[in-house]
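Q: Take this sequence and fold it.
(one chain, ligands or ions: 1)
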Amino acid sequence: MTTVKLEEIVSLCKRRGFIYQGSEIYGGLAGTWDYGPLGAQLKRNIVNEWLNYFVDSRDDMYLIDSAIIMNPKVWQASGHVDTFSDPLVECSNCHNRFRADKIDTAKCPSCGKENTFGEPRQFNLMFRTNVGPLEDENSLTYLRPELAQGMFVDYKNIIDTFYPDLPFGIAQVGRAFRNEIAPRDFIFRSRELEIMEFEYFIRESDWEENFEQWRDGIHGWFEKIGLDKDRIKEVEVLEGDRAHYSKRTIDFYYDSPTLGFDEIGGLAYRTDFDLKNHQDKSGKNLEYRPKDGSDPFIPHVIEPTFGVDRYFLAVISNAYRIDEVNGEKRNYLQLPKHLAPVKIAVFPLLKNKPELTDKAKEIYNKLREEFGQVIWDDNGNIGKRYRRQDEIGTPYCITIDFETLDDKCVTLRDRDTTEQQRIPIEHIIDTIKSSL
Ligand SMILES: [Zn+2]
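A: Next comes the predicted model:
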């Protein structure tokens with residue numbers, strides 16, 4: 001159920017340096033966004049959480065970072081050159097173009113004329129580019145539209161250098177590019193996106209068991225980033241709607257306060273489609289040789305995939321709160337503390353009293369060393385400083401006042417309850433650490 005307007009989130013993101021429009025001073029570029037300092041930090045915390053959960057906590061996962069530009073033969077073998085497309089229609093009156101499956105083609109949504117659309121044609125979503133100085137068909141390639149092919153192409157390298165036992169996974173986090181006909185909903189559907197994904201290589205006979213295991217794993221991940229499980233819905237993708245390589249796919253939908261139910265992740269059984277095609281097209285043997293000497297075979301693959309930007313939007317929409325403190329309206333982000341871009345803000349009560357600022361700097365430096373994501377604010381009255389931190393979701397504020405110099409205590413204020421407590425300086429780190 002939508003309870004927060006998307007524009008409120010867009011405006012907060014811009015105002016407080018989470019996300020800016022891409023190329024803004026030139027009027028922007030449709031479907032591109034820039035993460036500002038707070039956004040980059042929040043995104044990084046989400047990605048780190050994913051890496052901890054799916055990669056670092058396991059001993060069967062290999063993290064790679066493959067090139068964005070790949071040999072075009074990769075995209076022919078993967079089927080993207082032929083089939084990675086959306087149906088496009090053009091209005092014969094105003095010449096605007098639309099995704100045929102997203103509009104009612106009886107009447108143009110732009111100029112309002114009726115019956116101006118012909119038959120849809122397939123529009124390939126890959127960005128084309130040329131490698132080297134010659135711009136011809138021989139130098140043509142694409143920016144990757146997905147990460148998976150990087151894992152498939154490096155599969156043989158991993159096998160040859162690490163000799164993993166089956167099952168094992170190859171994971172990566174990185175940018176992908178899709179020339180969407182109609183980018184929409186802020187960072188939800190953009191032309192440049194970030195994906196976290198892994199390919200989990202298995203024996204064909206084990207696919208159902210592994211599919212179920214990762215299905216649970218994905219729900220565990222939702223919990224890690226604070227998405228309410230009552231707002232998650234699984235949608236079984238029917239045969240005609242599945243990607244060309246998949247034998248079973250579940251899409252995960254999240255009921256976001258800004259967008260309502262929309263897709264937030266997927267789990268696909270890609271069979272041996274990709275490795276088999278790459279073996280055929282490259283001429284390289286991509287079979288797995290079991291260590292017990294049994295017959296070699298091409299492994300099958302389960303692929304859980306996650307759009308970083310979509311999680312970012314879900315997490316921030318989810319955290320958006322308006323309440324009242326001392327009779328005044330307050331906007332705040334109730335971000336999970338471990339994801340907050342700033343963990344602690346340090347305030348000297350006054351900025352022109354060296355005895356206060358020196359002490360505050362000392363505390364600030366110590367906290368920065370421990371937590372990294374700590375900021376300093378000495379501007380305006382304390383109430384205003386609290387509001388500024390609330391709005392970006394900082395879980396803790398620490399104020400150093402004149403009493404601090406005598407009793408060696410500071411005021412620690414909690415974002416969610418707005419409660420303040422005096423605690424000894426030497427207990428700050430432990431108190432905050434135990435709550436993150
Ligand atoms: Zn039109």
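
Q: how distant is stretch 374-386 from the center of its chain?
A: Remark: stretch 374-386 is offset 30 Å from the chain centroid, using CA atoms, centre = their mean, to the nearest Å.

Q: Excluding residues flanking it in the chain, which one is nearest the residue most central in space within the chain?
A: Centroid-nearest residue in the chain, with CA atoms, centre = their mean: Val308, separated by 0.8 Å. Closest residue in space to Val308, ignoring its immediate chain neighbours: Glu194 at 3.9 Å, by CB to CB, 6 or more residues apart in numbering. For glycine as for every other residue, the C-beta is placed from the backbone atoms N, C-alpha and C.

Q: distance of Thr431 from Tyr396?
A: Relative to Tyr396, Thr431 is positioned 9 Å away (CB to CB, to the nearest Å).

Q: Glu24 now?
A: For Glu24, the distance to Tyr396 - CB to CB - is 32 Å.

Q: my guess is Ser282 contacts Gln76, does it?
A: No. Applying CB atoms under 8 Å as the test, Ser282 and Gln76 come out as separate, 11.0 Å apart.

Q: What are the boundaries of the helices in the protein?
A: In the chain, the helices defined using DSSP state H lie at 6-15, 37-51, 72-77, 80-83, 148-162, 207-224, 273-282, 308-319, 354-371, 382-392, 402-407, 428-433.

Q: I'd like the distance between the residue nearest to Val308 and Asp65.
A: Distance, Glu194 to Asp65, using CB to CB: 13 Å.

Q: between those two, which one's more packed in?
A: Glu194 (22 against 11; other CB atoms under 10 Å).

Q: contacting residues for the more buried one?
A: By CB atoms under 8 Å, 6 or more residues apart in numbering, Glu194 lies in contact with Lys43, Val47, Val173, Gly174, Arg175, Ala176, Gly307, Val308, Asp309.

Q: Glu204 contacts His300, correct?
A: Yes. Between Glu204 and His300 a contact is recorded at 4.6 Å, counting by CB under 8 Å.

Q: Find residues that contact each of those two.
A: Here Glu204 and His300 have Thr271, Asp272 as joint contacts, going by CB under 8 Å, 6+ apart.

Q: For these two, indicate the residue with more neighbours.
A: Taking neighbours as other CB under 10 Å, Glu204 and His300 compare with His300 leading, 24 against 11.

Q: got a list of what the more buried one touches?
A: Counting by CB under 8 Å, 6+ apart, His300 has contacts Phe201, Ile202, Arg203, Glu204, Trp207, Tyr269, Arg270, Thr271, Asp272.

Q: Widest-spaced pair of the residues you listed?
A: Spanning the widest gap among the contacts of His300 are Arg203 and Arg270, at 14.3 Å by CB to CB.

Q: Tell me which of the two has more neighbours.
A: Remark: of Arg203 and Arg270, Arg270 carries more neighbours, 22 against 14, as counted by other CB under 10 Å.

Q: Quick check: that one vs Trp75, distance?
A: Noted for Arg270: a distance of 16 Å to Trp75, by CB to CB.

Q: pLDDT on stretch 30-43, on average?
A: For stretch 30-43, the mean pLDDT works out to 97.

Q: Now do that stretch: everything it contacts.
A: Contacts for stretch 30-43 (CB under 8 Å, 6+ apart): 13, 16-24, 180, 183, 186-187, 189-192, 194, 308-309, 312, 315-316, 335, 339-342, 373, 392.

Q: coming back round to it: using TSV, lay out the contacts of His300 together with distance to the ion and pLDDT.
A: Formatted as TSV, the contacts of His300 follow (distance: CB to the ion, whole Å; pLDDT from 0 to 100):
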residue	distance to the ion	pLDDT
Phe201	49	98
Ile202	49	98
Arg203	53	97
Glu204	50	96
Trp207	47	97
Tyr269	41	96
Arg270	39	94
Thr271	42	95
Asp272	45	96
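
Q: can you count the residues close to the nearest residue to Lys291 once chain neighbours are set aside?
A: Closest residue in space to Lys291, ignoring its immediate chain neighbours: Asp165 at 7.1 Å, by CB to CB, 6+ apart. When neighbours are counted by other CB under 10 Å, Asp165 registers 9.

Q: Which pLDDT value goes with Asp165?
A: Confidence at Asp165, expressed as pLDDT, is 94.

Q: for it, phi and psi?
A: Backbone torsions of Asp165, given as degrees, to the nearest 10, read phi -80, psi 150.

Q: Out of the contacts of Glu194, which end up buried?
A: Lys43, Val47, Val173, Gly174, Ala176, Gly307, Val308, Asp309 (16 or more other CB atoms under 10 Å).

Q: Okay, and the beta partners of the fourth one?
A: Beta-bridge partners for Gly174, by DSSP bridges, are Ile195.

Q: Please report the distance of it from Ile68.
A: 7 Å.

Q: could you measure the residue nearest to Thr2 when sequence neighbours are not counted against the ion, distance?
A: Distance criterion CB to CB, 6+ apart; nearest residue to Thr2, sequence neighbours excluded, is Gly260 at 4.9 Å. Distance, Gly260 to the ion, by CB to the ion, to the nearest Å: 28 Å.

Q: swap in Thr249?
A: To the ion, Thr249 is 35 Å away according to CB to the ion.

Q: looking at it, that residue is touching Ala268, isn't it?
A: Yes. Thr249 lies in contact with Ala268 (CB under 8 Å); the separation is 4.5 Å.

Q: any residues in contact with both of these two?
A: Contacts common to Thr249 and Ala268, judged by CB under 8 Å, 6+ apart, are Arg242, Ala243.

Q: Show me what from this structure comes close to the ion.
A: Taking CB under 5 Å from the ion, the part of the chain that reaches the ion is made up of Cys91, Asn93, Cys94, Cys108, Ser110, Cys111.

Q: Would you mind writing the PyMOL command to select the buried ones in those?
A: Provided next is the PyMOL selection string for whichever of those are buried by 16+ other CB under 10 Å:
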select buried, resi 91+108
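
Q: Tabulate the residues of the chain next to the ion in a markdown table, adding columns for pLDDT.
A: Output for these, formatted as a markdown table (pLDDT from 0 to 100):
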| residue | pLDDT |
| --- | --- |
| Cys91 | 92 |
| Asn93 | 93 |
| Cys94 | 92 |
| Cys108 | 92 |
| Ser110 | 91 |
| Cys111 | 93 |
